[in-house]
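S.K.: Sequence first, then the predicted structure:
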Amino acid sequence: MPPIPQPKTALPFPRLEEPGWLPLWISATPFRHPFFLLMLAIPPLAHALHGLLSIVQEPFQGEFDGFLHGIKDWSWLISPMFVYCAWRKTLFVLNRRIHLDSRATRILIWLLIPFLALQLWWFQVGEAPTERHGFSPTIPRFFAGPAIGLAMGLLHVQAARQKSLLGFLTLVVALSWVIMPISLEMATWTSPRWGGGNNWFTVIPFLGSAANGLLFGLAMAKMMITSGLESAYLYLPFVLGCAFIEIKLRDLPLRSSLISLLGILAFLPFFHEWENYWID
């Protein structure tokens, strides 16, 4: 009797394993112990508590203020790590639930490309900063940022087959598109004039300090790359060259990689404005 043919379940490409909530160095023993995770959560919670007390009891001073200051700055390092892991997990879950087909993917790409072009156009002709700490908002207002970030993230995780530096940078920039415009727009709402109030976004645990941490980390990375260059734009050939070398050597999906590069390049001029706003 001939064997019964079995349905083919193997995919034509190796599936990228859905990552866990936390990186391996945290999820591995003994770091996955709840006590360790609780200790990591204390600085972001202290950052949120300090922001809340500064709003409801302005000016907030005293010994407790100094104590919170002593531990809250660690949240700039810890919050982006946790938020990035949650963001990555969310994208994989959404990609599995939504299950975009090739037609829907093409539509999303053709919507994203002109939308990024619209952002660059708005950056040049839109609302000019009227104060030295102003920034160029996205259009329509801050809603454009989350739309771009979500589209970039979904297109990446749908096509990703292996870990890569470009993929990591894509998810970081996509996350930055999501939370930075919201945080800075909230700052203009609650502080319309220089020194006029506190940013309510900072009272959100993890998310509030993650925006500051991402801005600080990306600003430091840009400073290290552009150190000694006459113009910051001279590092673009370096970034593009490294990206195309990795695409070629690791055989990364060309279409999603180009979309990632386009989203990153459109992000740079806005980030320059947001960085100046944050420093001021």
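M.R.: Cool, got the structure.

S.K.: buried residues in the helix or strand encompassing Glu246?
M.R.: Using DSSP states H and E, Glu246 sits within helix 235-249. For helix 235-249, burial by neighbour count (16 or more other C-beta atoms under 10 Å) applies to 239, 243, 246-247. Bear in mind the C-beta positions are built from the backbone N, C-alpha and C, glycine included.

S.K.: got a list of contacts for that helix?
M.R.: 164-166, 222, 225-226, 229, 252, 254, 257, 261, 264-265, 268 (C-beta atoms under 8 Å, 6 or more residues apart in numbering).

S.K.: rerun at 10 Å
M.R.: Outside helix 235-249, the residues that touch it by C-beta atoms under 10 Å, 6 or more residues apart in numbering are 164-167, 169, 222, 225-227, 229, 252-254, 257-258, 260-261, 264-265, 268.

S.K.: Return a ChimeraX selection command for the buried portion of these.
M.R.: Entered in ChimeraX, the line below selects the buried ones among these, by 16+ other C-beta under 10 Å:
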select :164,166,167,169,222,252,253,257,260,261,264,268
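
S.K.: The contacts of helix 235-249 in strands, which ones?
M.R.: If you go by DSSP state E, the contacts of helix 235-249 have nothing in strands.

S.K.: nearest residue to Ile225 other than its sequence neighbours?
M.R.: Tyr235 (4.9 Å; C-beta to C-beta, 6 or more residues apart in numbering).

S.K.: Oh, that last question was meant for Leu108, not what I typed.
M.R.: Nearest to Leu108 is Ala151, by C-beta to C-beta, 6+ apart, at 5.9 Å.

S.K.: circling back to that earlier point, in PDB, list the C-alpha atoms belonging to the helix holding Glu246.
M.R.: Extracted C-alpha coordinates of helix 235-249, given in PDB (Å, rounded to 0.1, in the frame of the first residue of the first chain):
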ATOM      1  CA  TYR A 235      27.800  60.600   7.600                       C
ATOM      2  CA  LEU A 236      24.900  59.700   5.300                       C
ATOM      3  CA  PRO A 237      27.200  57.900   2.700                       C
ATOM      4  CA  PHE A 238      28.700  56.000   5.600                       C
ATOM      5  CA  VAL A 239      25.300  54.900   7.000                       C
ATOM      6  CA  LEU A 240      24.000  54.000   3.500                       C
ATOM      7  CA  GLY A 241      27.300  52.200   2.600                       C
ATOM      8  CA  CYS A 242      27.200  50.000   5.800                       C
ATOM      9  CA  ALA A 243      23.500  49.300   5.200                       C
ATOM     10  CA  PHE A 244      24.000  48.100   1.600                       C
ATOM     11  CA  ILE A 245      27.000  46.000   2.600                       C
ATOM     12  CA  GLU A 246      24.900  44.200   5.200                       C
ATOM     13  CA  ILE A 247      22.000  43.800   2.800                       C
ATOM     14  CA  LYS A 248      24.400  42.200   0.300                       C
ATOM     15  CA  LEU A 249      26.500  40.000   2.600                       C
END
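
S.K.: what about it, distance to the chain center?
M.R.: Put simply, helix 235-249 sits 20 Å off its chain's centre (C-alpha atoms, centre = their mean, to the nearest Å).

S.K.: That helix - what's its average pLDDT?
M.R.: Averaging pLDDT along helix 235-249 yields 85.

S.K.: tally of neighbours for His24?
M.R.: Quick fix: residue 24 reads Leu, not His. Leu24: 9 surrounding residues under other C-beta atoms under 10 Å.

S.K.: pretty sure it is touching Cys85, no?
M.R.: No: the criterion here is C-beta atoms under 10 Å, and Leu24 misses it with Cys85 at 11.1 Å.

S.K.: between these two, what contacts are shared?
M.R.: With C-beta under 10 Å, 6+ apart as the test, Leu24 and Cys85 reach no residue in common.

S.K.: quick one: contacts for the residue most central in space within the chain?
M.R.: Among the residues of the chain, the one closest to the centroid is Leu175, at 2.2 Å (C-alpha atoms, centre = their mean). Neighbouring residues of Leu175 by C-beta under 10 Å, 6+ apart: 80, 83-84, 86-88, 91, 149, 152-153, 210-211, 214.
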